[in-house]
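# sequence and predicted model, in that order:
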Protein chains: 4
Amino acid sequence: MSSSQIPVAVLGATGSVGQRFISLLDNHPWFKVVALAASDRSAGQKYSKATRWVLDVPMPDYVKDMVIVPADTEAVQAKIVFSALHTEIANELEPAFAKAGAAVCSNASSYRRGEDVPLLLPEINADHIHLVKQQRANKGWSGCIVTNPNCTSTGMTIALKALDNAFGVKKVFAVSLQALSGAGYPGVSSLDIMDNIIPNVANGGEEEKVEWEPRKMLGKLNGNKIELADIKFSAHTNRVAVIDGHTVCASVALANPIEPEAAIQALRDYCAPESARELPSSPRPVISVRDEADRPQPRLDRLNGNGMTTVVGRVRRDPILDLKFVVLSHNTIRGAAGASIYNAELLVNEGLL
Amino acid sequence: MSSSQIPVAVLGATGSVGQRFISLLDNHPWFKVVALAASDRSAGQKYSKATRWVLDVPMPDYVKDMVIVPADTEAVQAKIVFSALHTEIANELEPAFAKAGAAVCSNASSYRRGEDVPLLLPEINADHIHLVKQQRANKGWSGCIVTNPNCTSTGMTIALKALDNAFGVKKVFAVSLQALSGAGYPGVSSLDIMDNIIPNVANGGEEEKVEWEPRKMLGKLNGNKIELADIKFSAHTNRVAVIDGHTVCASVALANPIEPEAAIQALRDYCAPESARELPSSPRPVISVRDEADRPQPRLDRLNGNGMTTVVGRVRRDPILDLKFVVLSHNTIRGAAGASIYNAELLVNEGLL
Amino acid sequence: MSSSQIPVAVLGATGSVGQRFISLLDNHPWFKVVALAASDRSAGQKYSKATRWVLDVPMPDYVKDMVIVPADTEAVQAKIVFSALHTEIANELEPAFAKAGAAVCSNASSYRRGEDVPLLLPEINADHIHLVKQQRANKGWSGCIVTNPNCTSTGMTIALKALDNAFGVKKVFAVSLQALSGAGYPGVSSLDIMDNIIPNVANGGEEEKVEWEPRKMLGKLNGNKIELADIKFSAHTNRVAVIDGHTVCASVALANPIEPEAAIQALRDYCAPESARELPSSPRPVISVRDEADRPQPRLDRLNGNGMTTVVGRVRRDPILDLKFVVLSHNTIRGAAGASIYNAELLVNEGLL
Amino acid sequence: MSSSQIPVAVLGATGSVGQRFISLLDNHPWFKVVALAASDRSAGQKYSKATRWVLDVPMPDYVKDMVIVPADTEAVQAKIVFSALHTEIANELEPAFAKAGAAVCSNASSYRRGEDVPLLLPEINADHIHLVKQQRANKGWSGCIVTNPNCTSTGMTIALKALDNAFGVKKVFAVSLQALSGAGYPGVSSLDIMDNIIPNVANGGEEEKVEWEPRKMLGKLNGNKIELADIKFSAHTNRVAVIDGHTVCASVALANPIEPEAAIQALRDYCAPESARELPSSPRPVISVRDEADRPQPRLDRLNGNGMTTVVGRVRRDPILDLKFVVLSHNTIRGAAGASIYNAELLVNEGLL
């Protein structure tokens, strides 16, 4: 481990999001994985033995012989802790780690709504990270909890930010076609999705997240709190037979209605805030706009910008609101593990570690 | 052929919709298939030799040895002619058959917008069939052309009718997840849809149809013409990896907003007009409303009511408009061949043959 | 219940094979379902509440309000008991029911290898049913246990019987492409099978069954025991992305090698033994041979003969052994629930109930 | 273009194999693409406009603005010509290019059986390349034609070579489960393969290739000709719902039967001939043997060694012959475009350009 590298850990390392963390952290220029934590059932085993690896990229060599430790603050000693824990477990463990001094970069939904918890997509609201100061003051923690949103909100909210900056967004209809990997492993039974779609995700809970989380991320940091954006959302969420990549069909009303061409230009011109622009995981570009009439498509476009770029297409007039478009985002990279890593990089860059 | 049976023909008999016509007409109580017409390439061959049968129900025995004839008014002698022709061919042939005295029940889009051409879903607008009198007067035909809508509009429009009757519908957002069979055979390449979705159907033409056709069907027959319903539609159409069954996620604004429970009741109580209620192909029930949080699903629900019933689920409040719901319809039965047959039955029942 | 109907029960009624039993027993001319048994977790609930129905045919009305009972001989009073139990549970429960007087028609593998237990495919070895007399003598049971084979062996063994009768079979290579429903529900994760195959089923256990079970079924009943057929089998088993229908590619060596045409004739001419020929579930025909170069295919051919017919195709010369062919069988109908029902009908017909 | 780079061309550049050539040749250390040829319909257009790109890796920048030329020896000036042409076109064009001085590295089947045409998998029969000297003498060409085998033969033959070297192979049963990309684009209709398998490929022609081509590749170069290996093959070929990666279940008889463990060792120890070992496209390793009971799997293992490695698993005893195993190979990389490029590298390395 180079002296300049920061020791990090992955909680929930054997699950599908945990695997994506491990894959994306292979050869990371700033971070070095020093601990893999999982349930007591796996603790004590070598990672390669305890894990059913489900990614189509191979398991990195560096983890194969690492011995899994329990997910507690004794066993896990790291400056940054990436959390791929289930909500109920994250509820308890994440504050414990923050209290013990770790920066918890969490993919769980437990604390996304916390008033002093940043809900981040660095390319659109990097400044929200300063909420951690308030969080530390409130809680007396030396560490902190920083979160990323639900994978379905992710790409859509990034596209909306570009439009909101330029024209003001007032209302959003969103219908998702979500990938199977979003449900974890084993997740969706093959008998439920072959020759089928499921017109619901997480028993409707997904729709509430998609209707609320973007309002926080598109909101303004005013002093020590976020003012939710004054935008109305309506969401239908669906599961489809796609491995990776969530697609959203969106219709939006704008404060200052414009032609599709102007919207395309605003999406193409969108730049991340300076502090989030040149980090190792920064999407390049933030948004890619396709001209073809039948793109984006998950299989063909999800790995754009190493899975961190938001891909938009079919920007056109909407007969009821103002604009319609389609947006695609890789749900386990930009929408999960890559998101938390990007957040951690921002923490480092802002000197908040 | 029983003396009481009506001789019918299928144009475009070898294609996938033609096959569905042949399957649904097997043992029909009123109709007897006397001619199968297809392109010159197939004419003269036995049906079983000329056809690559793609349905998962077997080819009925009655057609196996029938010899295919050319699609012209000489070779095809039938009172009712079911048209599964491509638009360009339908443009020319359908009027020729109508002039020659046949009742053309068409699945093609060629004449759906004709001012004197009924665009029918008998369970919601059976009275529109009387437009054929005006059509005959205008054109001097002894036959007629009667059409059914695009398969994506079908289920959604039936559900909307029940709501429109009860509460008045003002605006509709519709996002479709459409089955592969809607593109015909060979249609969509497997390489385009495996592990993928295509966020466009028919190069956008589908969306125009979905935004216009329901307005005609939900319109009022006023004297000799249809007044388009004053409803605004916005549609996104997508192709997904489902064999049969189009799903639509819809959000609607109502003139008289109500609770989801009242909407469910109105959908369940909906009855077809009397003239369309007891026909051989009448859906029983017209609309089935599911209570489960994850239904309708194409694979499990598309054959409801022999593929003629419209299945609705997830009726709930919409944060922007009034209601959200999901609607499923079998695209090659209720949305294509079954639709044309139901229209033909209505013609007979109304004495308009 | 008509006085002539026989009361039957389904053990394991909520699982996917249990559902298939319930579906196939709807309106059965001889049997009436009087009890549905499942795990203690479900007992006491209405069937429609306790069950996640996964078939694409709807749940029959007759079961919806039946209350599930525990799977014990007190709660379940029926002449015939259909067992869709897991092996470990079947190990204990099936003898208990046989002892209590029920004819257990089992789809479980627990007793298939029992020396006095018939392993039946009535269309090929109906005479083996007389082993139950020996079984009753050995065990002192008034009831009995009768089994059907593994779903992968089923179609292949039926085709082999026709060839064995005519030409003698000596060696068989078999490679299966097995459907997802064979693994039950939830069974195979969608992430494991989308854009994939799994070159193993049941951790290799499936191959042992396929290499042994056909030898018993093709064996001779000699007095009170079965002499295993002197045929060598080699099997590879694979899971593929098909919902229903197991396909097997087979190559066989014959005692009396013949031309493919003669083999096709023998397959087409094959008749079930008389006692198994006219039962309600008898396949009609037993074997269907397709002439097309690319059949059988699961989606198109699995419902042949209501899912009870074995479909064979591509009968051709094998460069190493004598013949190659492809065989398809519906794994949850002919290969599971339909098999046990057909066995029960044979028991009744032979006066062995 | 660096002075040391060799100018190469791709014939059939817009098709799916052509796309894979273009993708694999991006940043190739030895070769530089100077011409893209396709049908007259595409000639004159920019590559990015004329091509429907179907790979999930993006189109390389270097080809986007190249103008497609006709596939003739005037328009295409290159030392090496990669042929992704259809057989009928390759029949005529490949000799014309060879006559004009190009080294044609062909993926077409046209000349694979030519007595003086090398059929190469460099990691197993690199010495066969010296047949080109005889070919040049016979034909008077300054160029040459060098071929790679059918994609289904590829992985299997490589595994067989390791076994043949060590123990002698006498008989091979092979059943393939082939990916959709092997049929090109648009290739297999989604309606033919969803919830289905097709038990035939290329109308049986595939099986003849699989039963003959390995005999040539495993044969010995004796003076100026190849003596076919004395091995009998029997093949069944199937199409399954997998995007990339052909799986073969194989059973083999050996001259010197051994335990599975010895076979695994021989497969793991196998080394390419020295001349083929350190080329840019050399597989590293040649063969990877998996220990897990359910591997190889196409989605998880096809990109092993950048898609050039042959992956073997489930090596076990066969009850009829000696060994059974499963072998996986990426059909459009190792089995098509990567194969031709590896052949070209061998030509260069052997000074035969």
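Great, that's in hand.
# identify the single longest helix in chain A, thanks.
As assigned by DSSP state H, the longest helix anywhere in chain A is helix A:151-167.
# helices or strands up against that helix?
Packed against helix A:151-167, as judged by 3 or more CB pairs under 8 Å, 6 or more residues apart in numbering or on different chains; DSSP states H and E, are the following elements: helix A:122-125, strand A:169-178, helix A:205-217, strand A:246-254, helix A:260-269, strand A:287-289, strand A:310-317, strand A:323-329. Bear in mind the C-beta positions are built from the backbone N, C-alpha and C, glycine included.
# hmm, who's touching the fifth one?
Spelled out, it's helix A:260-269. A:159, A:162-163, A:165-167, A:285, A:287, A:289, A:312, A:315-317, A:323, A:325 (CB atoms under 8 Å, 6 or more residues apart in numbering or on different chains).
# OK, contacts around residue A:161?
Counted by CB under 8 Å, 6+ apart, residue A:161 has contacts A:121, A:124-125, A:217-218, A:270.
# contacting residues for the closest residue to residue A:63 other than its chain neighbours?
Ranked by CB to CB, 6 or more residues apart in numbering or on different chains and with sequence neighbours excluded, the top spatial neighbour of residue A:63 is residue A:47, at 4.7 Å. By CB under 8 Å, 6+ apart, the residues touching residue A:47 are A:13-14, A:36, A:59, A:63-68.
# take the residues you listed and keep only those in helices.
A:63-64.
# check the contacts of residue A:47 against residue D:40 and report the nearest one.
residue A:59 (48.4 Å; CB to CB).
# near chain B, which residues of the stretch 201-350 of chain A show up?
A:203-204, A:211, A:232-234, A:236, A:238, A:240-243, A:247, A:249, A:251, A:293-300, A:313-314, A:318-321, A:324, A:326 (CB under 8 Å from any CB of the partner chain).
# pull out the buried residues from the residues you listed.
A:211, A:233-234, A:236, A:238, A:240-243, A:247, A:249, A:251, A:294-300, A:313-314, A:318-321, A:324, A:326 (16 or more other CB atoms under 10 Å in any protein chain shown).
# could you pick out which of those are near chain C?
Among those, chain C is touched by A:241, A:243 when using CB under 8 Å from any CB.
# give me every residue that touches whichever residue of the stretch 51-200 of chain A sits closest to chain D.
Using CB to the nearest CB, the single residue of the stretch 51-200 of chain A nearest to chain D is residue A:195, 4.9 Å away. Shown in contact with residue A:195 (CB under 8 Å, 6+ apart): B:241-243, B:298-299, C:243, D:194-195.
# any idea whether it is helix, strand or coil?
Here residue A:195 takes the coil state, with states given by DSSP: H, G, I helix; E, B strand; the rest coil.
# can you pull the phi and psi angles for it?
Dihedral pair for residue A:195: phi 60, psi 40, per degrees, to the nearest 10.
# the helices and strands packed on helix A:151-167: which one's closest to residue C:154?
Closest approach to residue C:154 among the helices and strands packed on helix A:151-167 is made by strand A:169-178 (37.8 Å; CB to CB).
# can you give me the angle that closest one makes with helix A:151-167?
Counting by axes from the mean of the first three to the mean of the last three CA atoms, to 10 degrees, strand A:169-178 lies at 150 degrees to helix A:151-167.
# helices and strands around strand A:169-178, which ones?
Using 3+ CB pairs under 8 Å, 6+ apart, strand A:169-178 is in contact with helix A:151-167, helix A:205-217, strand A:232-239, strand A:246-254, strand B:169-178, strand B:232-239.
# looking at those, which is closest to residue C:140?
Nearest to residue C:140, of these and by CB to CB, is strand A:232-239 at 54.0 Å.
# identify all contacting residues around that closest one.
Contacts for strand A:232-239 (CB under 8 Å, 6+ apart): A:152, A:170-178, A:180, A:182-183, A:188, A:193, A:197-202, A:206-207, A:210-212, A:214-215, B:173, B:175, B:177, B:247, B:249, B:251, B:318-321, B:324, B:326.
# what does stretch A:295-308 give?
Residues contacting stretch A:295-308 (CB under 8 Å, 6+ apart): A:179, A:242, A:244-247, A:281-285, A:288, A:290, A:311-314, A:326-330, A:333-334, A:338, A:342, B:194-199, D:53-54, D:56-58.
# ok, 7 Å please
A:179, A:242, A:244-245, A:247, A:281, A:283-285, A:288, A:290, A:311, A:313, A:326, A:328, A:330, A:333-334, A:338, B:195-199, D:56 (CB atoms under 7 Å, 6 or more residues apart in numbering or on different chains).
# list only buried entries from the residues you listed.
Buried subset of the contacts of stretch A:295-308 (neighbour count, 16+ other CB under 10 Å): A:179, A:242, A:244-245, A:247, A:281, A:283, A:285, A:288, A:290, A:311, A:313, A:326, A:328, A:330, A:333-334, A:338, B:195-199, D:56.
# hmm, back to that, in TSV: the helices and strands packed on helix A:151-167, plus distance to residue D:73.
Shown next, in TSV, are the helices and strands packed on helix A:151-167 (distance: least, CB to CB, whole Å):
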stretch	distance to residue D:73
helix A:122-125	51
strand A:169-178	48
helix A:205-217	59
strand A:246-254	46
helix A:260-269	43
strand A:287-289	40
strand A:310-317	41
strand A:323-329	43
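# can I get these in CSV with mean pLDDT?
Output for the helices and strands packed on helix A:151-167, formatted as CSV (pLDDT from 0 to 100):
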stretch, mean pLDDT
helix A:122-125, 98
strand A:169-178, 98
helix A:205-217, 95
strand A:246-254, 98
helix A:260-269, 98
strand A:287-289, 98
strand A:310-317, 98
strand A:323-329, 98
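# before we move on, back to that, next, the angle strand A:310-317 makes with the longest helix of chain A.
Using the same axes, to 10 degrees: helix A:151-167 against strand A:310-317 is 60 degrees.
# next, the angle from helix A:151-167 to helix A:205-217.
Angle of helix A:151-167 versus helix A:205-217, following the same axes, to 10 degrees, is 40 degrees.
# distance between helix A:151-167 and the chain's centre?
13 Å (CA atoms, centre = their mean, to the nearest Å).
# so which bits of that helix are buried?
By neighbour count on 16+ other CB under 10 Å, the buried set for helix A:151-167 is A:151-164, A:166-167.
# closest one of those to residue A:82?
Nearest to residue A:82 among the buried residues of helix A:151-167, with distances taken as CB to CB, is residue A:151, at 15.5 Å.
# wait, isn't that closest one in contact with residue A:335?
Yes. At 2.9 Å, residue A:151 counts as touching residue A:335 under the criterion of CB atoms under 7 Å.
# pull up the overlap in contacts between those two.
residue A:246.
# ok so, going back, quick check, nearest of the contacts of residue A:161 to residue C:87?
Nearest to residue C:87 among the contacts of residue A:161, with distances taken as CB to CB, is residue A:121, at 50.2 Å.
# and that closest one, backbone torsions?
According to degrees, to the nearest 10, residue A:121 has phi -130, psi 100.
# spit out the contact partners of it.
Taking CB under 7 Å, 6+ apart, we find residue A:121 in contact with A:149, A:154, A:157-158, A:217.
# domain boundaries for chain A, per the record?
Listed by automatic domain parsing, the domain ranges of chain A are A:6-150+A:337-349, A:152-330.
# give me the low-pLDDT residue ranges for the stretch 1-150 of chain A?
Along the stretch 1-150 of chain A, the parts satisfying pLDDT under 70 run over A:1-3.
# whatever residue of it ends up closest to chain C: which element?
Closest residue of the stretch 1-150 of chain A to chain C, CB to the nearest CB: residue A:54 (5.7 Å). Residue A:54 belongs to no helix or strand when assigned by DSSP states H and E.
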